[in-house]
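Trainee: could you work out the structure for the sequence below:
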Amino acid sequence: MRSQCIWTPCEVLTPLSFKPSTFLTFSFLKQLLLPDKSIAAISSTRRGISSYPSLMASSPSLKDAVSTQNESTQKTQQPLQQVAKRLEKFKTTIFTQMSSLAIKHGAINLGQGFPNFDGPEFVKEAAIQAIKDGKNQYARGYGVPDFSSAIAERFKKDTGLGVDPEKEITVTSGCTEAIAATMLGLINPGDEVILFAPFYDSYEATLSMAGAKIKCITLHPPDFAVPIDELKSAITHDTRAVLINTPHNPTGKMFSREELSTIASLCIENDVLVFTDEVYDKLAFEMDHISMASLPGMYERTVTLNSLGKTFSLTGWKIGWAIAPPHLTWGVRQAHSFLTFATSTPMQWAAAVALRAPESYYVELKRDYMAKKEILVEGLKAVGFKVFPSSGTYFVVVDHTPFGLENDIAFCEYLIKEVGVVAIPTSVFYLNPEDGKNLVRFTFCKDEGTLRAAVDRMKEKLKRK
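Mentor: Predicted coordinates for the structure are as follows:
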């Protein structure tokens, strides 16, 4: 049976219809999303408050009482939240929510994918030196020339493809901005874009801002393989672009050469673009990473998206880039110019130093992460989770159902409050949340002591039912 789901921006205008899981989510999130007494405040706003001016004029004591009431109401009443219709279906990101809960409950955060250790000294020293050297004003809009050259050099080593750093590389404020600039610069309202669920949550939000029609193909455990027959029927002449992420967040799946080749042939046949998010390309453990742009006939229709943060443990620097042929780079740069215009100048100079690191850096990086992965995966298995294979990224997805909670939201809430460990509910990564209700995601981009402490807490407090 095909597990395809389609969503268009116009659906956000239809009356809301709540499933039972919606109320669970609301119950879980309301402490973060709604300030104290906000429900009462909203009710007051809807009822309205009358001042009865003639009655107050004739009765000073009543006037004082109502005045006091109005002052009290002004202190407690909060204005209704306002958001454009294209974004009203989106809430505070799950990563913000979970990190806030981690702090509130003193939980070990294996949810959000940021390292709890610092990046390499030689890169930080390069940033400090750039600041001292006065490289602190606006950079050229599409990137500091030396950094663009470093990106081109790295891309040539990784893929064998030579690109023109002046015409085919755009530096952005993190890969998230590269994604946004690509969607907004190359997708028109009503264009159809195919996603593979589960997917990084910014994809849907940015496509919504672009007014795209989203068609979703769901990847299922245990191996999250691409359903080839479904893919063949999904890609048509109506499709504008396919968005892939390999290595894949949240599952850790790496798209195989066969899967990529099938996607490539279908895109060539139907004149479809490919946007490929490859931020975890240096965290490939079980197989070699394959860049879609390197396949025959694909560079001319591919935008390759990447960043510095994951590879160098510097996620707060927000340095990303998009590589594309000139006719696609034009659209990306047009959007980028009016999103951020330019990216941090000294950090770009330091990033150029980072990308020219010797190959030994990448070997050591992979070795360190494989050791961390083993600690977490073996620990999760010992606790009683069903752990699915993760070939890349620093994430692992598990089946939480052995512990008896009804869905991923309920399980993650229990895990934080009662066990003291944070995971991410994967239902937020699907157009149909039901598809992810049995799965949660853990990250192992933490020091070994933190990973062992989290496993110990789960072994002690988390019991199978």
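
Trainee: low pLDDT regions in this structure?
Mentor: Scanning the chain with the threshold set as pLDDT under 70 gives 1-76.

Trainee: where is the longest helix in it?
Mentor: Ranked by residue count and defined by DSSP state H, the top helix of the chain is helix 359-383.

Trainee: how far does it sit from the chain's center?
Mentor: Centroid separation for helix 359-383 versus its chain: 22 Å, with CA atoms, centre = their mean, to the nearest Å.

Trainee: quick one, helices of the stretch 101-250 of the chain?
Mentor: Using DSSP state H, counting those that start in this stretch, the helices of the stretch 101-250 of the chain run over 121-132, 145-159, 174-186, 201-210, 228-234.

Trainee: of all the ones you listed, which one comes closest to residue 286?
Mentor: Nearest of those to residue 286, taken as CB to CB: helix 145-159 at 17.8 Å. Yep, even glycine has a C-beta here, placed from its N, CA and C like the rest.

Trainee: pull out the buried residues from that closest one.
Mentor: 147, 148, 149, 150, 151, 152, 153, 154, 155, 158, 159 (16 or more other CB atoms under 10 Å).

Trainee: mind listing what the first one touches?
Mentor: Applying CB atoms under 8 Å, 6 or more residues apart in numbering to residue 147 gives the contacts 171, 348, 349, 351, 352, 355.

Trainee: can you check the fifth one too?
Mentor: Contacts for residue 151 (CB under 8 Å, 6+ apart) come out as 143, 165, 169, 171, 321, 323, 355.

Trainee: related to what we said a few turns ago, rebuild the contacts of residue 147 as JSON lines, extending it with distance to residue 116, neighbour count and secondary structure.
Mentor: Below are these laid out as JSON lines (distance: CB to CB, whole Å; neighbours: other CB atoms under 10 Å; DSSP: H, G, I helix; E, B strand; the rest coil):
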{"residue": "171", "distance to residue 116": "27", "neighbour count": "27", "secondary structure": "strand"}
{"residue": "348", "distance to residue 116": "25", "neighbour count": "27", "secondary structure": "helix"}
{"residue": "349", "distance to residue 116": "26", "neighbour count": "21", "secondary structure": "helix"}
{"residue": "351", "distance to residue 116": "22", "neighbour count": "32", "secondary structure": "helix"}
{"residue": "352", "distance to residue 116": "26", "neighbour count": "23", "secondary structure": "helix"}
{"residue": "355", "distance to residue 116": "24", "neighbour count": "21", "secondary structure": "helix"}
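
Trainee: list just the nearest of these to residue 304.
Mentor: Of all those, residue 171 has the smallest distance to residue 304: 13.4 Å, by CB to CB.

Trainee: how about the nearest residue to the closest one, chain neighbours excluded?
Mentor: In this structure, residue 171 finds its nearest non-sequential neighbour in residue 143, 3.1 Å apart by CB to CB, 6 or more residues apart in numbering.

Trainee: the one you found and residue 321 touch, don't they?
Mentor: Yes: using CB atoms under 8 Å, residue 143 makes contact with residue 321 at a distance of 7.2 Å.

Trainee: quick check: neighbours shared by these two?
Mentor: Taking CB under 8 Å, 6+ apart as the criterion, residue 143 and residue 321 both touch 151, 169, 170, 171.

Trainee: state the distance from the residue nearest the centre of the chain to residue 77.
Mentor: Per CA atoms, centre = their mean, the C-alpha nearest to the average position across the chain is that of residue 200, at 3.9 Å. Applying CB to CB, to the nearest Å, the value for residue 200 to residue 77 is 37 Å.

Trainee: repeat that for residue 183.
Mentor: As defined by CB to CB, residue 183 lies at a distance of 38 Å from residue 77.

Trainee: the more surrounded of these two?
Mentor: Neighbours per residue (other CB atoms under 10 Å) separate residue 183 from residue 77, with residue 183 holding more: 28 against 18.

Trainee: list the residues that contact residue 123.
Mentor: Applying CB under 8 Å, 6+ apart, we find residue 123 in contact with 312, 314, 350, 351, 353, 354.

Trainee: what's the neighbour count on the closest residue to the fifth one other than its chain neighbours?
Mentor: With CB to CB, 6+ apart as the measure, residue 126 is the residue that lies nearest to residue 353, at 4.0 Å, once sequence neighbours are left out. As a burial measure, residue 126 scores 19 neighbours (other CB under 10 Å).

Trainee: is it correct that residue 126 is in contact with residue 350?
Mentor: Yes: contact criterion CB under 8 Å: residue 126 and residue 350 qualify, at 3.9 Å.

Trainee: which neighbours do the two have in common?
Mentor: Taking CB under 8 Å, 6+ apart as the contact rule, residue 126 and residue 350 have no neighbour in common.

Trainee: re the thing from before, which among the contacts of residue 147 gets closest to residue 421?
Mentor: Among the contacts of residue 147, residue 351 lies closest to residue 421 (CB to CB), at 33.2 Å.

Trainee: thought the closest one was touching residue 307?
Mentor: No: Residue 351 is beyond contact range of residue 307, at 9.4 Å (criterion: CB under 8 Å).

Trainee: find the residues that touch each one of the two.
Mentor: residue 319.

Trainee: related to what we said a few turns ago, which pair in the shared contacts of residue 143 and residue 321 spans the largest distance?
Mentor: 151 and 170, at 9.8 Å, using CB to CB across the shared contacts of residue 143 and residue 321.

Trainee: now do the shared contacts for the two.
Mentor: Taking CB under 8 Å, 6+ apart as the criterion, residue 151 and residue 170 both touch 143, 321.

Trainee: the stretch 351-465 of the chain: strands as residue ranges?
Mentor: With strands called from DSSP state E, counting those that start in this stretch, the stretch 351-465 of the chain shows them at 386-387, 395-399, 421-422, 424-425, 439-443.

Trainee: given the last one, what are its sheet partners and their directions?
Mentor: I take that to be strand 439-443. With DSSP bridges as the test, strand 439-443 is paired with strand 395-399 (antiparallel), strand 424-425 (antiparallel).

Trainee: and the ones you listed: which comes nearest residue 411?
Mentor: Proximity to residue 411, assessed across the strands paired with strand 439-443 by CB to CB, is greatest for strand 424-425 (7.3 Å).

Trainee: distance between the closest one and the chain's centre?
Mentor: Using CA atoms, centre = their mean, the mean C-alpha position of strand 424-425 is found 12 Å from that of the whole chain.
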